[in-house]
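**Student:** Starting from these lines, generate the structure:
(chains A and B)
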Amino acid sequence: MKTLTRTNIHIQKTVFLLLAVLPPFAAYVLFTLYPNVLSIYYSFLDWNGIGEKKYIGLDNYIRLFQDPVVLNALKHNLILVATVIPITLIISLVLADLLVNRQYKENKFYKVLFFFPNVLSLVVIALIWSFIYDGTFGLLNSVLRVLGIGGDHNWLGSPKTALASTIPLYVWCYVGFYVVIFMNAMSAIPKTIYESATLDGITSFQRFTKITLPLMSGIIRVGMIFLMLNVIKGFEYMFIMTKGGPGGATEVISLYMFNLAFGTESLSQHFYGYASTIGMLIFVLLVLLKVVIDKVFSKDSVEF
Amino acid sequence: MKSKVKKSSLLVFSALTVLLAACSGNNGNNPATESANPTNGNTPAAEAPAVYDNGLPKDEKVTLKVGFLEAGYGREWFDHATALFTERYPNVTFDITASPKIPDLITTKAAAGDDKDMFDILYGLAYTEFVDANKLEPLTDIFQMKPSDGGGKTLDELIVPGYNVPEQYYKGENWLFPIANYIGGMFYDQKLFEDNGWNKSPKTYDEFLALCEAIMSKGIDPIVYSGLYNYSIFSFDTKVFELAIDNGNKEFRNHYENYSGPEFTSAESVEVYNRLYDMGQKGYISKQSVGMNHTQSQMLALQGKAAMVPSGDWIENEMKESAPEDFEWGYMAVPFSNNPETPIHINNGLSYAFQIWANKPDLTKQWAKQFLVSLLTNEVQQILVDKGGAFPLRSDFMDDSARAANMKPLQKSIATYMSENNVVLELKSRKVVLNSPDFVAANKHVQDNTALILTGQKEPLPILEEGERLLQKAVQEAGK
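**Tutor:** Down below sits the predicted model:
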């Protein structure tokens, strides 16, 4: 058999690497980078997506900082980030710990149960929760009526409760996914660490906080970043359930951007240029939050 | 400021005449039956000319791509209409994409800029952006074409007035082909009203309030509506015109058409919103309306949990799967004047229209126009009335007693209401189009808060003032 020379091996490696990397890189450039770069260009235009493009310099950016809807929407996004992320992570970690360490007979069933929302379409989820919150026939009001504590509140129709009502929906959707991720991460922690700690008399709570959490800090930080991305970029639930209302109480920045770009039922005018400017704002916001998360939560990797 | 547009306000009295005919049956005129199409293929093949009577070739196959909005009128009527057309012109077939979200699909296709991929015939009521970008085919000439059953009359002579008015053309042309117009107002359960002896036709605002009070005393919500989609417009959007008459404000319509006066903060607009706010505070408009879509609100009317629901005449067709067999919708408009002499302004307008994409082969566009004209034959109008529950746009539709007799119960209820009351069909037309983020922001601000105002949760004036501030910015910007 012919022995491969060093050069041949090097060429083969290079070709393999190129074949492996180039197609996804090309797809990334074509479908992600190029549209994003175009968005930067669009953000300086007065353009409805159909007609003539008109360069207007920084006008869209000036408008952006004067637009009260943007400020209102960002406030709601930040409320969601500040609530959905910690609640989701805490519930996911606790559930994952229970399923990994308690070894319930029904573990597999619970895993499927928690993951279930992830296989449902967004529309179905939104409709389910719309019915839960329905002011007349809703499940939540029915339960409250049975308990004798009200039961006639219009949860999504009141500016006081509309935004808060969407938080359980987000948490319900995301928890299952992170339970599975965290369960796998916990399973990878060597049992010997727990065993020696147990011999030292550690309690279950200490085991969770002193061993499990620190050893999972990397995956938790990644989970936090993905949750942040989802919460800020997502608007589907608001689009279906509330349209950003009532009175702008559930307006989020991506929904506003979408409506400006594609119009609404009652106003079919389009502002691709200004919507792209809002897209730029979202991009900057996401980068900033990512930097904050990286700063606050250590990147130290743990080996075991 | 871009001058122009659309149908200005107009009293479509001939539509009323049409509807009156529905109640009174045949008026003695001969039905305008559609003549057998001379080019329907009955001629022996050997003698058949290579072209139809309309001058289009028989041997060139054409497929018309249609972007069809599947909404309240359904699509059954359209499938019938295309089948009829293909039967008459076998070389013409249809490729239909039907969706409740077709406007989004059309916008996306337009933005992609691939004319080949775009529909030939597309649903649409808004058109200025497409026209400005030279994307639409002018349809002015269609109105001079003669439907096969029109007795030699042009389409312009056969449709109800208001939909082809040269003074209202945008950039000198008509860009919309009207398919159906709607009548907006309050819809209710006839039996519920009869059982309770409630007033089905209040003549004044005070009578309407008394009706709401009577309903509420029975533990039923007088009004529920879709706050999510702001369906309140179907009942209340035209009330400013009634108050303008009461106030003797002769400049109101001129200001309305040209954005030359205050819009949201006009005395009439403030009064309308104040009254609605009061109605909300008294509990006449259910707070549950705020987060509801139209199906949810209409279901409450079907179930007797609410007495009246604002919507359009498509409601009967839209809810036919959910309504009990003996359920019968009734209709009324809301009077906002206490002077019985002031006509009740009924919200009226185009509910369905088609456009033709400009950058398409000439033959395709010619067939598209032929097809659109066929939609306004009384044969197809009959299908639209039967299957879609729409009002006919042909003014001679009711000349046939059989067609009048076949009107659906709700259509008859509307006709009865209109015959018994002093009404105006109000198209709310504008002569000026505003197109700027400030204009959208102004309307968004008011619309977003409308449900809270109507349910008595938010005072109207601050909302209207902020809306006015944004609107005037848009007006000034347009004037530069």
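
**Student:** Spatially central residue for the chain, please.
**Tutor:** Unless you meant another one, I'm taking chain A. residue A:230 (1.9 Å; C-alpha atoms, centre = their mean).

**Student:** ah, I was thinking of chain B
**Tutor:** Central residue of chain B (C-alpha atoms, centre = their mean): residue B:351, at 2.8 Å.

**Student:** Beta-bridge partners for the residue lying closest to it once chain neighbours are set aside, please?
**Tutor:** Once flanking residues are discounted, residue B:351 sits nearest to residue B:182: 3.7 Å by C-beta to C-beta, 6 or more residues apart in numbering or on different chains. C-beta coordinates here come from the backbone N, C-alpha and C atoms, glycine included. On the basis of DSSP bridges, residue B:182 takes part in beta bridges with residue B:349.

**Student:** you'd agree residue B:182 is up against residue B:388?
**Tutor:** No. Applying C-beta atoms under 8 Å, one finds residue B:182 not in contact with residue B:388, separated by 11.2 Å.

**Student:** So for these two, which sits in the more crowded spot?
**Tutor:** Legend: neighbour count by other C-beta atoms under 10 Å in any protein chain shown for residue B:182 and residue B:388, higher for residue B:388 (24 against 21).

**Student:** Residue numbers of the stretch 301-450 of chain B in contact with chain A?
**Tutor:** Within reach of chain A by C-beta under 8 Å from any C-beta of the partner chain, the stretch 301-450 of chain B has these residues: B:305, B:435, B:437, B:439-441, B:443-444, B:447-449.

**Student:** what's the most distant pair in these?
**Tutor:** For those, the farthest-apart pair by C-beta to C-beta is B:305 and B:435; their separation is 41.0 Å.

**Student:** which helices and strands does the lengthiest helix in chain A pack with?
**Tutor:** Determined from DSSP state H, the single longest helix within chain A is helix A:68-101. Contacts defined by 3 or more C-beta pairs under 8 Å, 6 or more residues apart in numbering or on different chains; DSSP states H and E place helix A:68-101 against helix A:107-115, helix A:162-187, helix A:217-233, helix A:253-262, helix A:272-296.

**Student:** Can you redo those helices as TSV, where the extra columns are mean pLDDT and distance to residue A:242?
**Tutor:** Listed next are these as TSV, based on pLDDT from 0 to 100; distance: least, C-beta to C-beta, whole Å:
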stretch	mean pLDDT	distance to residue A:242
helix A:107-115	85	26
helix A:162-187	93	6
helix A:217-233	92	16
helix A:253-262	92	9
helix A:272-296	92	19
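
**Student:** any chance of those in a markdown table, plus distance to chain B?
**Tutor:** Below are these laid out as a markdown table (distance: least, C-beta to the nearest C-beta, whole Å):
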| stretch | distance to chain B |
| --- | --- |
| helix A:107-115 | 28 |
| helix A:162-187 | 7 |
| helix A:217-233 | 19 |
| helix A:253-262 | 6 |
| helix A:272-296 | 6 |
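
**Student:** for those helices, which one ends up most surrounded?
**Tutor:** helix A:253-262 (a mean of 22; mean count of other C-beta atoms under 10 Å in any protein chain shown).

**Student:** Off-centre distance for that one?
**Tutor:** On the basis of C-alpha atoms, centre = their mean, to the nearest Å, helix A:253-262 sits 18 Å off its chain's mean C-alpha point.

**Student:** Thanks again, I'm all set now.
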